[in-house]
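**Student:** Below are the sequence and a predicted model for it; my questions follow.
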Amino acid sequence: MPAERERLLVKILDALSDPKSALAEGRPHHKAKGRAIDMLTLHFGTTGRAIYLAEEFAVLYPGEEVFAPDILAVLDVPQPEDDPRMAWVVATRAGG
């Protein structure tokens, strides 16, 4: 498995180094994402349900190209205070 993990890390670093994913966004777009994350945090906090939220986060989905949505929201996964994740790895079911 170490070789497989190494290949995955290389894929993550490649995705994070892609110039397309490093494009700048305007202030209105940035503010809208912030408001959406605030509302999702508030809503799910009041329901007692965990939600993992990230902005512009690389998502590795088996058999697909890496993509980075404006907002990633994953229900029933707690948001760690000091999150070491560099990407969301769907195959691990915990974001790896």
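**Tutor:** Alright, I've got the coordinates.
**Student:** all helices for the chain, in order.
**Tutor:** For the chain, the helices defined by DSSP state H occupy 2-17, 27-47.
**Student:** Flag the shaky bits of the chain, pLDDT-wise.
**Tutor:** Scanning the chain for pLDDT under 70 picks out 1, 16, 18-24, 92-96.
**Student:** center of it, which residue is that?
**Tutor:** Centrality entry for the chain: nearest residue to the mean C-alpha point is Phe57, 3.4 Å, by C-alpha atoms, centre = their mean.
**Student:** To Arg85, which of the helices of the chain lies closest?
**Tutor:** Arg85 lies closest, by C-beta to C-beta, to one member of the helices of the chain: helix 2-17, at 9.7 Å. Any C-beta I mention is one placed from the backbone N, CA and C, and that applies to glycine too.
**Student:** what helices or strands is that closest one leaning on?
**Tutor:** Applying 3 or more C-beta pairs under 8 Å, 6 or more residues apart in numbering; DSSP states H and E, we find helix 2-17 packed against strand 59-60.
**Student:** any chance of the helices of the chain in CSV, plus distance to Ala91 and mean neighbour count?
**Tutor:** Converted to CSV, the helices of the chain look like this (distance: least, C-beta to C-beta, whole Å; neighbours: other C-beta atoms under 10 Å):
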stretch, distance to Ala91, mean neighbour count
helix 2-17, 9, 12
helix 27-47, 24, 12
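**Student:** Tell me, how many residues neighbour the residue nearest to Pro69 when sequence neighbours are not counted?
**Tutor:** Excluding the flanking residues, the one nearest Pro69 by C-beta to C-beta, 6 or more residues apart in numbering is Val59, at 6.7 Å. By other C-beta atoms under 10 Å, 19 other residues sit near Val59.
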